[in-house]
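Peer 1: here is my input, please return the structure:
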Amino acid sequence: MKKLHVILVFTLVSFVMQAQTKDKEIKAIKKVIQSAYVEGIQNEGDIAKIDAGIHPDFNLLGIGENGAIWKLPISEWKEKVVQRKSEGKLPRDKDNLISVKFLSVDVTGTAAVAKFEFYVGEELKYIDYISLYKFDDGWKLVSKIYYKFED
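Peer 2: Numbers count the residues shown, from 1 in each chain. Next up, the predicted model:
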């Protein structure tokens with residue numbers, strides 16, 4: 001009976017520790033998305049934030065005409081950010097700030113996928129799906145697909 005009790009306690013402690021670790025990883029994932037993607041790319045045009053949280057091989061993928069897949073590498077996206085900043089379009093003003101509402105974050109080991117709503121001001125514009133990998137220096141965004149709501 002004593003062995004069974006020890007096994008049950010050990011199992012419970014292991015389960016609690018795994019849950020705490022997963023919660024910690026989810027918080028880290030949300031933080032890097034908020035900093036690199038929402039603040040860095042969308043609201044501020046902060047290249048340092050982008051570089052800190054987005055892998056250099058990141059690609060944004062979309063569907064074009066006749067179902068063709070197009071991709072935008074992060075290097076080209078950063079060029080667009082720099083251009084928007086030089087045109088005075090970034091940083092955004094408070095009426096058209098980008099915000100996100102996380103719907104789910106699924107983590108398995110060093111891989112994760114985050115699904116969230118993407119708002120411009122108060123208006124829901126997209127559902128984003130961002131894939132991430134955990135590297136030695138933390139979680140990095142590696143790809144994005146999305147669904148755009150019709151205007």
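
Peer 1: hey, where'd the strands end up in this structure?
Peer 2: With strands called from DSSP state E, the chain shows them at 54-63, 69-73, 98-108, 111-120, 123-135, 138-148.

Peer 1: can you pull the pLDDT of the spatially most central residue of the chain?
Peer 2: Residue closest to the mean C-alpha point of the chain, counted by C-alpha atoms, centre = their mean, is I33 at 3.6 Å. Per-residue confidence at I33 stands at 98 (pLDDT).

Peer 1: with D95 instead?
Peer 2: Per-residue pLDDT puts D95 at 87.

Peer 1: distance of E150 from L124?
Peer 2: According to C-beta to C-beta, to the nearest Å, E150 stands 11 Å off from L124. Bear in mind the C-beta positions are built from the backbone N, C-alpha and C, glycine included.

Peer 1: switch the strands of the chain over to JSON lines; also include mean neighbour count, mean pLDDT and distance to E87.
Peer 2: Formatted as JSON lines, the entries for those read as follows, by neighbours: other C-beta atoms under 10 Å; pLDDT from 0 to 100; distance: least, C-beta to C-beta, whole Å:
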{"stretch": "strand 54-63", "mean neighbour count": "16", "mean pLDDT": "98", "distance to E87": "20"}
{"stretch": "strand 69-73", "mean neighbour count": "12", "mean pLDDT": "97", "distance to E87": "18"}
{"stretch": "strand 98-108", "mean neighbour count": "14", "mean pLDDT": "98", "distance to E87": "17"}
{"stretch": "strand 111-120", "mean neighbour count": "18", "mean pLDDT": "98", "distance to E87": "18"}
{"stretch": "strand 123-135", "mean neighbour count": "17", "mean pLDDT": "98", "distance to E87": "21"}
{"stretch": "strand 138-148", "mean neighbour count": "17", "mean pLDDT": "98", "distance to E87": "23"}
